[in-house]
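In: the following block contains a protein sequence and its predicted model.
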Amino acid sequence: MVRSEGVSGREQFDYWRELIGQTRASEVSSAHADDFKAEMRRLELGPVTLLRTSFPPARFRRAAGMVRRSDPEVYHLTLLLDGDMALTRGSGRTATFGPGDLHMAHSSDPFDLQSFGARTTGRGESRVEAVGVDFPMSLLPLPPHQLRNVLGRGFSGREGMPALLSEFLIGLDRQAAALGPAEAPRLGTVVVDLLAAWLAREVDAEAALPDDTRRRAIVENVRAFIQRNLHDPELSPSVIATAHHISVSYLHRVFTQQSRGETVTAWIRSQRLEKARRDLANPALRATPIHAVAARWGIPRASDFSRAFQAAYGLSPREDRHRALSGLARE
């Protein structure tokens with residue numbers, strides 16, 4: 001992880017521009033270059049690079065001459081979190097994007113991208129907030145000609161497959177410090193799989209996806225569905241399979257394959273217990289009865305919860321809560 005903090009003024013602009021240019025080669029300019037205050041986290045996920053950046057308004061231009069001189073053949077996906085952007089590809093029309101929008105470009109196309117910041121509360125300055133993903137075009141199992149009508153377009157990241165992809169990217173950024181080097185390549189593969197599944201649906205080319213890509217995307221969809229529905233005690237493999245238009249046997253097979261042998265039911269249980277344990281350790285929920293915490297996470301029977309909790313953590317829910325809250329009181 002790399003930050004451009006601690007460097008001031010023009011030096012910070014040059015440093016930030018250099019970091020961006022490692023995967024997004026373009027001519028970068030900004031009216032704020034002499035007093036540039038930017039932040040960046042850079043996460044390497046095998047051949048996939050995740051960028052989380054906050055910066056003043058800037059302009060990124062990749063001219064045709066730059067493309068001719070050097071084309072790394074890289075796709076650029078951007079999730080805009082705050083501010084606005086306007087993208088012109090070649091001599092074509094300009095598309096505009098707002099917070100929550102996703103758009104994609106690639107290094108083989110000339111482009112002119114202008115970013116306009118939103119005024120950040122408490123800081124009194126205009127900022128752009130975004131998450132970017134850069135990866136070799138060869139990783140996407142869809143030929144570039146099929147994506148002509150997708151590149152440069154804005155898509156809402158608030159529903160459907162784009163929402164799942166957006167949530168996954170934001171979650172990756174939040175967990176960046178805790179990710180081990182062994183996990184990084186697998187997570188990069190998941191990012192590309194989710195992107196491929198979404199784009200294939202957009203261009204009606206789902207049949208062209210490799211089986212592995214399709215299976216991994218299904219499992220990530222299933223995990224997201226489970227997380228959203230942990231509160232429902234009726235959540236079960238049959239409910240999940242129906243929601244995803246697959247058979248229960250296929251769900252069990254692909255989930256176990258992609259989860260190193262863990263079953264759907266076991267993953268649901270572990271997630272419920274993990275969330276309940278977190279709540280039990282929260283001082284703000286000290287007065288909430290244990291059975292109410294369990295019911296909140298889809299385990300309405302107190303005896304079932306106590307038995308599963310003891311098996312998972314070696315302590316009863318009451319003992320674990322007491323230990324966690326006592327530890328906080330001593331700090």
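Out: Yep, it's here. Residues are numbered from 1 along each chain as shown.
In: all strands of the stretch 151-300 of the chain, in order?
Out: Secondary structure of the stretch 151-300 of the chain (DSSP state E, counting those that start in this stretch): strands at 155-156.
In: pLDDT below threshold where in it?
Out: Within the stretch 151-300 of the chain, not a single segment meets pLDDT under 70.
In: just give me the longest strand of this structure.
Out: strand 126-136 (DSSP state E).
In: I'd like to know which elements it is packed against.
Out: For strand 126-136, the packing partners by 3 or more Cβ pairs under 8 Å, 6 or more residues apart in numbering; DSSP states H and E come out as strand 48-55, strand 74-82, strand 111-116, strand 118-119, helix 160-174, helix 184-202. Using the backbone N, CA and C atoms, a C-beta is placed for each residue, glycine as well.
In: now those as a markdown table including mean neighbour count and distance to residue 101?
Out: What follows is those, written out as a markdown table (neighbours: other Cβ atoms under 10 Å; distance: least, Cβ to Cβ, whole Å):
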| stretch | mean neighbour count | distance to residue 101 |
| --- | --- | --- |
| strand 48-55 | 22 | 16 |
| strand 74-82 | 22 | 5 |
| strand 111-116 | 19 | 12 |
| strand 118-119 | 14 | 13 |
| helix 160-174 | 18 | 9 |
| helix 184-202 | 20 | 14 |
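In: now for residue 84: which residues touch it?
Out: 96, 97, 98, 99, 115, 116, 118 (Cβ atoms under 8 Å, 6 or more residues apart in numbering).
In: now the residue nearest to the fourth one when sequence neighbours are not counted, which residues is it bridged with?
Out: For residue 99, the nearest residue in space outside its immediate sequence neighbours is residue 82; the separation is 5.3 Å by Cβ to Cβ, 6 or more residues apart in numbering. In this structure, residue 82 bridges to residue 129 when assessed by DSSP bridges.
In: how many other residues sit next to residue 318?
Out: Neighbour count for residue 318, taken as other Cβ atoms under 10 Å: 12.
In: run through the residues that contact it.
Out: residue 290.
In: same deal with the one 4 residues further on?
Out: For residue 322, the contact set (Cβ under 8 Å, 6+ apart) is empty.
In: how near is it to residue 184?
Out: 37 Å (Cβ to Cβ, to the nearest Å).
In: next one: residue 210
Out: For residue 210, the distance to residue 184 equals 21 Å [Cβ to Cβ].
In: same deal with residue 128?
Out: In terms of Cβ to Cβ, residue 128 sits 26 Å off from residue 184.
In: now stretch 276-284: buried residues?
Out: Counting neighbours by 16 or more other Cβ atoms under 10 Å, one finds that the buried residues in stretch 276-284 are 276, 277, 279, 280, 281.
In: neighbours around residue 297, how many?
Out: 21.
In: doesn't residue 272 make contact with it?
Out: Yes: with contact defined as Cβ atoms under 8 Å, residue 297 counts as touching residue 272 (4.5 Å).
In: find residues that contact each of these two.
Out: residue 230.
In: list the contacts of residue 167.
Out: residue 224.
In: give me the pLDDT value at residue 6.
Out: For residue 6, the model assigns a pLDDT of 54.
In: typo on my end, it should be residue 330
Out: So residue 330 comes in at 60 (pLDDT).
In: pull the distance from the longest strand of the chain to the chain's centre.
Out: In terms of Cα atoms, centre = their mean, to the nearest Å, the centre of strand 126-136 is found 12 Å from the chain centre.
In: do stretch 156-174 as well
Out: 5 Å.
In: send me that stretch as CSV with only the CA atoms.
Out: Output in CSV follows, covering the C-alpha atoms of stretch 156-174 (Å, rounded to 0.1, in the frame of the first residue of the first chain):
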residue,chain,number,x,y,z
SER,A,156,-25.2,2.8,-11.9
GLY,A,157,-23.4,0.9,-9.2
ARG,A,158,-26.4,0.7,-7.0
GLU,A,159,-28.2,-2.3,-8.3
GLY,A,160,-27.7,-5.7,-10.0
MET,A,161,-24.2,-7.0,-10.9
PRO,A,162,-22.7,-3.5,-10.9
ALA,A,163,-23.8,-3.1,-7.2
LEU,A,164,-22.1,-6.4,-6.3
LEU,A,165,-18.9,-5.4,-8.0
SER,A,166,-19.0,-1.9,-6.4
GLU,A,167,-19.5,-3.4,-2.9
PHE,A,168,-16.7,-5.9,-3.5
LEU,A,169,-14.3,-3.1,-4.5
ILE,A,170,-15.1,-0.9,-1.6
GLY,A,171,-14.8,-3.9,0.8
LEU,A,172,-11.4,-4.7,-0.7
ASP,A,173,-10.2,-1.2,-0.1
ARG,A,174,-11.4,-1.2,3.5
